[in-house]
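In: Next come a sequence and a model predicted from it.
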Amino acid sequence: MSNYGSADHRKLQEKTARELIWTSNRTFQGWTCSQCEWNSPLPTLLSEAEARTAYDRLAAAKFREHKCADHLARLEMVQEQDSFTGRIRKLVTQGFKPKDAVDLFLQEVELEYRNDPKTLARAKADGEDFLRRLKAGLI
Ligand SMILES: [Zn+2]
């Protein structure tokens, strides 16, 4: 059985270049492809910055090598602006310095998720990851 998706999806693939997107939610943390179900989950015990940077590099290399056609097509477009990293990135494109963008973002999420310490911790980790990746030249 072929599972390469509908003609509509193929059209979408032609129109939009695939992107490596950091996804962080309750059930998954790691890199994903904007076009297909390819992903590279973050190993749970990886807490050191250096180890995480190595993981990021490896995931980026694997992403470049994967063929979207070998994986199931994504049913919905991944909306990066809905993710924490996407929100930080948006602030940066608005002209904020990366460090200021992360600070501002954290002020916002502290209000939004004041009753949700788990999500708040995830947002903080995403902010740190963003700055770390920038420093490592990964993004
Ligand atoms: Zn893909």
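Out: Noted; the coordinates are in hand. Numbering: from 1, shown residues only.
In: Kindly give the local confidence score, pLDDT, for the nearest residue to residue 19 once chain neighbours are set aside.
Out: In space, and not counting its chain neighbours, residue 19 is closest to residue 34: 4.2 Å by Cβ to Cβ, 6 or more residues apart in numbering. From N, CA and C alone the C-beta is placed, and that goes for glycine too. Note on residue 34: pLDDT of 89.
In: same check, this time on residue 84
Out: At residue 84, pLDDT is 91.
In: how much space between it and residue 138?
Out: Distance, residue 84 to residue 138, using Cβ to Cβ, to the nearest Å: 17 Å.
In: In the chain, where's the longest helix?
Out: helix 117-135 (DSSP state H).
In: which residue ends up closest to the midpoint of this structure in space?
Out: The centroid of the chain falls nearest to residue 22 when counting by Cα atoms, centre = their mean (1.1 Å).
In: if we can go back for a sec, can you point out the buried residues in the longest helix of the chain?
Out: Residues 119, 120, 122, 123, 124, 125, 126, 127, 129, 130, 132, 133 are the ones in helix 117-135 that count as buried (16 or more other Cβ atoms under 10 Å).
In: who's more crowded, residue 84 and residue 138?
Out: residue 84 (23 against 15; other Cβ atoms under 10 Å).
In: Next SSE downstream of the helix or strand bottoming out on mean pLDDT in the chain?
Out: Within the chain, no helix or strand scores below helix 7-15, which has a mean of 51 by mean pLDDT, DSSP states H and E. Next helix or strand after helix 7-15 toward the C-terminus (DSSP states H and E): strand 20-24.
In: Fine, thanks again, bye for now.
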